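In: Give me coordinates for this.
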Amino acid sequence: MVPTVLHPRSASPASGCETLDPTRRESTGQRGLLTLPLLLILAWMLRLYRSGRQGLSADEIATLQASQAPDLAAFLQSHAGLDHPPVYFLFERLWVSVAGTSEFALRFPSAAAGVAGVVLLYQTGRLLGAPYVAVVAALLVTISPLAVYFGQEARGYTFMLLGLTCCLWLALRLARGGRDRWWVLWGIVAAFTALTMYVAIPALAAMAAYVTWQAREQGRWRAWRWCVLAGALLFGAWAAYANPLSSVYDTAGDLTPRADMLTMLFRAVGAPVAGAFLPDPWVWFTAVPFLTMALAGATTATVSQRWLLAGSVLVSVTIVMLAAVDRLGFHPRYLLPALPATYLLAAMGMRQVRDWNRGIALAAGVLVLLPMAWALANAYVDPRYRRTDFKSAAGFLARSYHPGDVVIYNAPWAKGPFEYYVGHTLESIGLPTAALARSGETDQQLEVLRKRYQRIWLVRWQDWFTDPQRSLRAWLDSRLPKIFERQYPFVTVEGYLTRPPVEQLHDASTHPFTADFAGKVRLGKAAVDTGGVEDQGRLTVSVEWLSLGPTEQPYKVFVHLVDGNGTLLAQGDREPVFGMVPTTRWQPNTLVRDDYEILLPDHVAEGPYDVNLGLYLERGERLDVTGAGANFARVASGLWLKR
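Out: Numbers count the residues shown, from 1 in each chain. Coordinates of the predicted model:
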């Protein structure tokens with residue numbers, strides 16, 4: 001009998017996996033095991049870098065709110081109604097009870113799942129019979145811009161990737177036979193993956209077809225039935241519960257951006273390399289080498305491998321793109337389910353090119369890895385690709401807000417991030433809702449707010465979705481003077497006065513006043529509001545200035561809180577009306593209204609205090625009060641502050 005000699009890369013038709021020469025397998029396997037720890041260190045570093053410094057997104061706040069539901073019934077019902085499956089949120093609910101609710105704590109599970117996905121994709125590559133494929137695939141997912149970005153987000157994307165990679169690994173195990181428990185385990189993992197993110201279902205459906213084909217080839221229908229039963233019981237129970245409660249997202253208008261097929265194809269092609277973090281002209285160029293490697297991997301794979309890997313990629317991408325046609329927006333994150341199989345195909349193609357010509361393989365590797373590193377750097381530092389900076393916007397609003405103000409969120413769900421950073425101290429309202437925008441009641445609501453509050457703060461975020469006609473901003477701009485506009489990445493804070501800051505008088509010289517500052521400016525009324533002292537540590541001074549004409553130099557206003565000995569304890573200094581009406585532009589016979597705020601430090605205890613007010617130049621020279629022998633006016637004496 002003539003002995004059979006296997007080629008170093010002969011395919012096993014039963015399993016669709018390769019057989020390597022034992023000597024070569026041992027050497028490459030050892031190198032792979034040495035490389036894996038380095039990749040894991042890199043994966044941890046990339047996913048934890050700045051994880052605790054970036055502000056939380058609205059979606060991450062939704063995760064936190066879900067984790068803090070009062071009981072399990074309320075938790076399940078809220079997620080059924082929001083069309084989100086519960087597995088990831090249930091895990092976070094358990095996690096935050098131990099780790100807390102800081103940005104780092106909320107995001108750590110996603111980072112850990114991403115690192116675990118690197119290990120599992122490495123093991124899946126080894127099941128394909130090639131340690132080289134395992135190392136390259138693990139490297140690609142380690143530095144993948146999308147995988148890293150969502151490894152720093154408190155959402156279920158990396159959990160979904162981990163589940164899909166596990167399903168790929170189990171599917172290859174099933175191709176080798178094995179006990180019934182492996183089939184049952186595939187059904188369980190597939191169900192939990194679908195219950196983590198619904199967008200995983202198309203890829204899981206393609207894998208399920210592969211598993212069914214393996215059952216047919218191996219005659220394992222009994223094991224297959226157990227697999228189907230396990231998955232159906234888990235997913236079917238949730239589907240039956242959630243379906244009656246499911247909802248559809250609403251929009252306030254028809255001007256929201258729509259995703260066309262060409263745009264979606266463009267983003268889909270670049271997603272594995274560029275994610276969403278490269279300028280559009282570069283996406284095609286950076287994607288070509290990677291796609292070439294993936295196509296090479298698909299054409300050189302066995303029929304079984306092609307069915308499993310290429311099938312899950314094509315089905316997932318096609319269904320996601322068809323579902324997104326003419327719908328609101330499109331983001332490459334919807335293509336995340338295709339990443340594990342895509343990286344395996346690219347690694348297989350890279351190995352084939354390496355066997356043909358190592359120099360070309362090296363050049364192709366550089367052309368793939370450099371754009372990924374560029375996109376990853378953009379995701380970290382380029383403001384165009386940062387998360388919505390609710391953290392900075394909330395900090396500015398907290399410093400600027402005082403009692404008598406109201407905050408309008410044009411996207412009501414933006415309220416969550418602001419409350420996370422500043423607490424529930426801001427009086428706010430969400431406008432416009434879709435119902436208000438359609439019924440025309442928004443104008444009536446704004447008119448009520450204008451009469452009730454001194455200042456209106458508008459937080460604009462995603463107005464292309466909630467207020468596509470920009471009616472909210474147009475109403476405020478046309479009726480109220482704007483005093484502030486601060487732009488942060490993808491969110492803007494604008495401030496409006498509900499009453500004109502300047503009023504024309506017939507004769508300012510005959511108007512009653514309490515202090516005359518060197519014949520240049522007179523102080524009319526001054527009122528001190530202590531309503532925000534106890535809860536917010538804020539003291540508000542409302543002032544009416546009487547202008548006798550423009551000054552030669554711009555003066556700033558100081559408002560000082562002093563004790564009985566005259567020691568300065570806190571102050572609030574700025575230009576009149578936030579710099580909108582400098583004293584060099586004050587016209588004769590005008591009244592200028594302004595509100596000043598003093599933030600009280602913790603060491604200011606309960607007791608009596610005085611409030612002094614005056615004007616000074618930038619270099620520190622103050623205006624004297626005529627006939628008072630002082631350079632300030634005392635607007636409150638013996639004012640009792642309760643802390």
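In: Buried ones in stretch 443-455, by neighbour count?
Out: Applying a neighbour-count criterion of 16 or more other Cβ atoms under 10 Å, one finds 445-446, 449-450, 453-455 buried in stretch 443-455. Glycine gets a C-beta too; all of them are placed from N, C-alpha and C.
In: next one: stretch 622-630
Out: 622-623, 625.
In: can I get those residues in a markdown table with distance to Trp640?
Out: Written out in a markdown table, the entries for the buried residues of stretch 622-630 read as follows (distance: Cβ to Cβ, whole Å):
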| residue | distance to Trp640 |
| --- | --- |
| Arg622 | 27 |
| Leu623 | 29 |
| Val625 | 25 |
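In: With secondary structure added, can I get these in TSV?
Out: As requested, these are arranged in TSV below (DSSP: H, G, I helix; E, B strand; the rest coil):
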residue	secondary structure
Arg622	strand
Leu623	coil
Val625	strand
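In: name the helices or strands packed onto the helix or strand in which Arg181 is found?
Out: Secondary structure here is read from DSSP states H and E; on that basis Arg181 sits in helix 180-194. Contacts defined by 3 or more Cβ pairs under 8 Å, 6 or more residues apart in numbering; DSSP states H and E place helix 180-194 against helix 157-175, helix 201-218, helix 221-242.
In: Contacts for the shortest one, please.
Out: Defining contact as Cβ atoms under 8 Å, 6 or more residues apart in numbering, one finds that helix 201-218 is touched by 164, 167-168, 171, 174-175, 177, 183, 186, 190, 193-194, 220-221, 223-224, 227, 304, 307-308, 311-316, 318-320, 337-338, 341.
In: just the buried members of these?
Out: The neighbour count (16+ other Cβ under 10 Å) marks 164, 167-168, 171, 174-175, 183, 186, 190, 193-194, 220, 223-224, 227, 304, 307-308, 311-316, 319-320, 337-338, 341 as buried among the contacts of helix 201-218.
In: average pLDDT across the helix holding Arg181?
Out: Mean pLDDT, computed over helix 180-194, is 91.
In: what's that helix in contact with?
Out: Judged by Cβ under 8 Å, 6+ apart, the contacts made with helix 180-194 from elsewhere in the structure are 85, 87, 160, 163-164, 166-167, 170-171, 173-174, 200-201, 204, 207-208, 211, 215, 220, 222-224, 226-235.
In: Drop anything exposed from those residues.
Out: Those of those that meet the buried threshold are 85, 87, 160, 163-164, 166-167, 170-171, 173-174, 200-201, 204, 207-208, 211, 215, 220, 223-224, 226-228, 230-231, 234-235, by 16+ other Cβ under 10 Å.
In: count of residues packed around Val592?
Out: When counting by other Cβ atoms under 10 Å, one arrives at 21 neighbours for Val592.
In: And it, how far from Gly638?
Out: With the distance defined as Cβ to Cβ, to the nearest Å, Val592 ends up 28 Å from Gly638.
In: same deal with Ala271?
Out: Distance, Ala271 to Gly638, by Cβ to Cβ: 67 Å.
In: More neighbours: those two, which one.
Out: Ala271 (25 against 9).
In: Just the pLDDT at the nearest residue to that one once chain neighbours are set aside, thanks.
Out: Counting by Cβ to Cβ, 6 or more residues apart in numbering, the nearest residue to Ala271 once its immediate chain neighbours are dropped is Pro332, at 4.0 Å. The confidence metric pLDDT takes the value 77 at Pro332.
In: what's the answer for Pro244, then?
Out: Residue-level confidence at Pro244 comes out at 56, pLDDT.
In: What's the local residue count around Pro332?
Out: A total of 20 residues lie near Pro332 under the criterion other Cβ under 10 Å.
In: hang on, it packs against Ala276?
Out: Yes. The pair Pro332 / Ala276 is scored as a contact, 4.9 Å apart, by Cβ atoms under 8 Å.
In: Can you say which of the helices and strands packed on helix 180-194 is nearest to Gly549?
Out: Using Cβ to Cβ as the criterion, the shortest distance between Gly549 and those is 62.9 Å, found for helix 157-175.
In: just how off-centre is that closest one within its chain?
Out: From the chain centre to the centre of helix 157-175 is a distance of 26 Å (Cα atoms, centre = their mean, to the nearest Å).
In: Equivalent analysis for stretch 631-643, please.
Out: Its chain's average C-alpha position is 44 Å from that of stretch 631-643, according to Cα atoms, centre = their mean.
In: Quick check: buried residues in that stretch?
Out: In terms of neighbour count (16+ other Cβ under 10 Å), stretch 631-643 has its buried residues at 631-636, 639, 641.
In: out of those residues, which are inside helices?
Out: The helices, defined by DSSP state H, take in nothing from those.
In: Tell me the one among those residues nearest to Glu606.
Out: So of these, ranked by how close each gets to Glu606 (Cβ to Cβ), first place is Leu641, at 6.2 Å.
In: Contact partners for that closest one?
Out: Under the criterion of Cβ under 8 Å, 6+ apart, the contact partners of Leu641 comprise 530, 533, 539, 600, 604, 606-609.
In: Of these, just the buried ones, ChimeraX syntax please.
Out: Only the buried entries of the contacts of Leu641 go into this ChimeraX selection, using 16+ other Cβ under 10 Å:
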select :533,539,600,604,609
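In: Adding distance to Ala62, pLDDT and secondary structure, write the contacts of Leu641 out as a markdown table.
Out: Rendered in a markdown table, the data for these read as follows (distance: Cβ to Cβ, whole Å; pLDDT from 0 to 100; DSSP: H, G, I helix; E, B strand; the rest coil):
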| residue | distance to Ala62 | pLDDT | secondary structure |
| --- | --- | --- | --- |
| Thr530 | 37 | 86 | coil |
| Val533 | 34 | 82 | helix |
| Leu539 | 36 | 87 | strand |
| Leu600 | 34 | 90 | coil |
| Val604 | 38 | 90 | coil |
| Glu606 | 40 | 90 | coil |
| Gly607 | 44 | 92 | strand |
| Pro608 | 47 | 94 | strand |
| Tyr609 | 43 | 96 | strand |
